[in-house]
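# Got a sequence here, can you build the structure:
(one chain, ligands or ions: 1)
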Amino acid sequence: MRVSTDKTSGSDGRLFTVVVESYGVGQQRQAERCFTVSFDRLQSLMQSIARNGGRIRVVSSGPQLASEAASATGAAAPPQALSEPSPKLPEPPQAEPAPSNAKPAAPSVSHAEVLVNLYKPKDPFIGTVLDNYSLLADGAIGRVNHITFDLAGGDPQLHYVEGQSIGIIPDGTDANGKPNKLRLYSIASTRHGDDLADHTVSLCVRQLEYEKDGQTIFGVCSTFLCDIQPGAKVKITGPVGKEMLLPDDEEANIIMLATGTGIAPMRAYLRRMFDPSERESNGWHFRGKAWLIMGVPKTANLLYDDDFNRYETEYPDNFRYTKAISREQLNAKGGRMYIQDRVLEHADEIFTLIEDQKTHVYMCGLRGMEPGIDEAMTAAAAAKGINWSELRPQLKKAERWHVETY
Ligand code: NAP
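As a prediction, the model looks like this:
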């Protein structure tokens, strides 16, 4: 993107021409659009473009023809060269007054600036276990633990943001006598950590368990983590991943679809949005709509359920929590209730939300949920004359469709 800022006029009434591509979604999406706005409105236009999934090709001073503006980047001229009237822009959000005892708001980190691979497998950070407890109620299937590590003292400090993952290298050797390899886990805490001390990270780990040749096999790393005691030292790498980052927009809508421990990044997002101390620390005052659809086998397997119920009570206009409890509830066909069945039940509402440019969808957990979710969205989109298989890649390109499934 080339930015030219000729300041000849020097007043806030200066005009700027902004050429944007991939603006809008579905039938409204256009290859290229051109807006002419005054300097006063330039920033809110940029925010609106970001929310609407557009990519800025060029910004130039003056009410230029779009063809001239585009040619500055060497791009082909748009079919209609004349600039359009500027779009109707929302009023700038009203900032909530900061509580008097609040820490200064942490600066928001743009996605390009999010750090990865501060610590690599050859030279991992050695963290210390602070806490390790079960997240399950009596009668649950298996073991799922919440484990917190102290990251203090690193040089560099191991920082991360919500939606990233870290690697854990379990102690010991594999069947060939070689040191165990790292496994990646989605981070379940916000960048400030559960204790808001800015130097801890938490994971949500299920002990992997499966049958092979008549024997029960337990996962190496997940067992290492579920059994680990406070005080133990652990080799940590990362952080990695930019697929599941939250938008900066406090007015975004966030739809979250999680199975089991796929809840980890969602727990971090929801704490960032609704936990009172976290909100006070992060200075990010979410005002959009968040909707979590969570799939687990039994009620006793629900993870962080008390927190989510509390957020729903405290923020009824901003948070909705829908459960799919596969071994206790039946879907419309009489089978196990999976999250794709819940998506189907609410398909029109979900699709209408997705049509809003401010909406992002996050999916984490079992890959098996994806075909059912696509099917539900295909029908909801078709009812509005929209082809889902064309729209979904556009949402992905606009960084509004985020998937991390195994
Ligand atoms: P879990 O507690 O066993 O719950 C999984 C739920 O999904 C159960 O209700 C299960 O139902 C249901 N399910 C089974 N097949 C499904 C399908 N095809 N579509 C939709 N739902 C289905 O979960 P878990 O053991 O923690 O497993 C979560 C999965 O997420 C693991 O594979 C893990 O590796 C993955 N994961 C990925 C990430 C990531 O990508 N970053 C992070 C964390 C976890 P039934 O068992 O009753 O059939």
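# Look up how far residue 236 lies from whichever residue of the chain sits closest to the ligand.
Across the chain, the shortest distance to the ligand (Cβ to the nearest ligand atom) belongs to residue 260, at 1.8 Å. Every C-beta, even on glycine, is put in place using the N, C-alpha and C of the backbone. According to Cβ to Cβ, to the nearest Å, residue 260 and residue 236 sit 23 Å apart.
# In this structure residue 143 contacts residue 133, no?
No. The pair residue 143 and residue 133 fails to qualify as a contact (Cβ atoms under 8 Å) at a distance of 11.1 Å.
# Which one of these two is surrounded by more residues?
Comparing residue 143 with residue 133 by other Cβ atoms under 10 Å, the one with more neighbours is residue 143, at 18 against 9.
# what does this protein have sitting close to the ligand?
Within the chain, the positions adjacent to the ligand are 186, 206, 259-262, 264, 295-297, 301, 326-327, 336, 338-340, 364-366, 368-369, 404-406 by Cβ under 6 Å from any ligand atom.
# Which of the residues you listed fall in strands?
Among the residues of the chain next to the ligand, the residues falling in strands (DSSP state E) are 186, 206, 259, 295, 296, 364, 365, 404, 405.
# Report the buried members of the residues you listed.
186, 206, 259, 295, 296, 364, 365, 404 (16 or more other Cβ atoms under 10 Å).
# What is the nearest of these to residue 127?
Within these, the smallest distance to residue 127 is 16.5 Å, found for residue 186 (Cβ to Cβ).
# Please name the nearest non-neighbouring residue to the closest one.
The shortest distance from residue 186 to any non-neighbouring residue, by Cβ to Cβ, 6 or more residues apart in numbering, is to residue 264 (3.9 Å).
# Settle this for me: the one you found is touching residue 190, isn't it.
No. The criterion here is Cβ under 8 Å, and residue 264 misses it with residue 190 at 11.7 Å.
# Looking at residue 260 and residue 236 now, which is surrounded by more residues?
Per other Cβ under 10 Å, whichever of residue 260 and residue 236 has more neighbours is residue 236, with 23 against 20.
# So the more buried one, which state does it fall into?
Per DSSP: H, G, I helix; E, B strand; the rest coil, the secondary structure class of residue 236 is strand.
# Give me the pLDDT value at it.
According to the prediction, residue 236 has pLDDT 98.
# repeat for residue 112
79.
# can you offset everything so residue one is 321?
Understood, numbering begins at 321; the last thing we discussed is residue 432.
# and it, that one's in a helix?
Yes. Counting by three-state DSSP, residue 432 falls inside a helix.
# Burial check on it, number of neighbours?
With other Cβ under 10 Å as criterion, residue 432 counts 6.
# From residue 512, how far out is it?
Applying Cβ to Cβ, one obtains 21 Å for the distance of residue 432 from residue 512.
# now swap in residue 627 and tell me
Counting by Cβ to Cβ, the gap from residue 627 to residue 512 is 16 Å.
# who's more crowded, the two?
residue 512 (21 against 14).
# for the more buried one, helix, strand, or coil?
Recorded secondary structure, residue 512: coil (three-state DSSP).
# Quick one: residues contacting it.
Going by Cβ atoms under 8 Å, 6 or more residues apart in numbering, residue 512 touches 426, 518, 598, 601, 602.
# Let's see that with 7 Å instead.
The contact partners of residue 512, by Cβ atoms under 7 Å, 6 or more residues apart in numbering, come to 518, 598, 601, 602.
# can you tell me which two in the residues you listed are farthest apart?
The two members of those with the most space between them (Cβ to Cβ) are 518 and 598, at 11.7 Å.
# out of those two, which sits in the busier spot?
residue 598 (21 against 16).
# host element of the closest residue to the more buried one other than its chain neighbours?
Closest residue to residue 598 apart from its sequence neighbours, by Cβ to Cβ, 6+ apart: residue 591 at 5.0 Å. Taking DSSP states H and E as the definition, residue 591 sits inside helix 584-594.
# Can you name the residues bridging to the closest residue to residue 557 other than its chain neighbours?
Distances taken as Cβ to Cβ, 6+ apart place residue 487 nearest to residue 557, at 3.7 Å, with adjacent residues excluded. Applying DSSP bridges to residue 487 gives these bridge partners: residue 504, residue 557.
# quick revisit: CA atoms of the helix holding residue 591 as PDB?
Taking Å, rounded to 0.1, in the frame of the first residue of the first chain, the C-alpha atoms of helix 584-594 are listed here in PDB:
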ATOM      1  CA  ALA A 584      -9.200 -23.200  25.400                       C
ATOM      2  CA  PRO A 585      -8.900 -20.100  23.100                       C
ATOM      3  CA  MET A 586     -12.600 -19.300  23.700                       C
ATOM      4  CA  ARG A 587     -12.000 -19.300  27.500                       C
ATOM      5  CA  ALA A 588      -9.300 -16.700  26.900                       C
ATOM      6  CA  TYR A 589     -11.500 -14.600  24.600                       C
ATOM      7  CA  LEU A 590     -14.400 -14.700  27.100                       C
ATOM      8  CA  ARG A 591     -12.200 -13.700  30.000                       C
ATOM      9  CA  ARG A 592     -10.900 -10.800  28.000                       C
ATOM     10  CA  MET A 593     -14.400  -9.800  27.200                       C
ATOM     11  CA  PHE A 594     -16.300 -10.300  30.500                       C
END
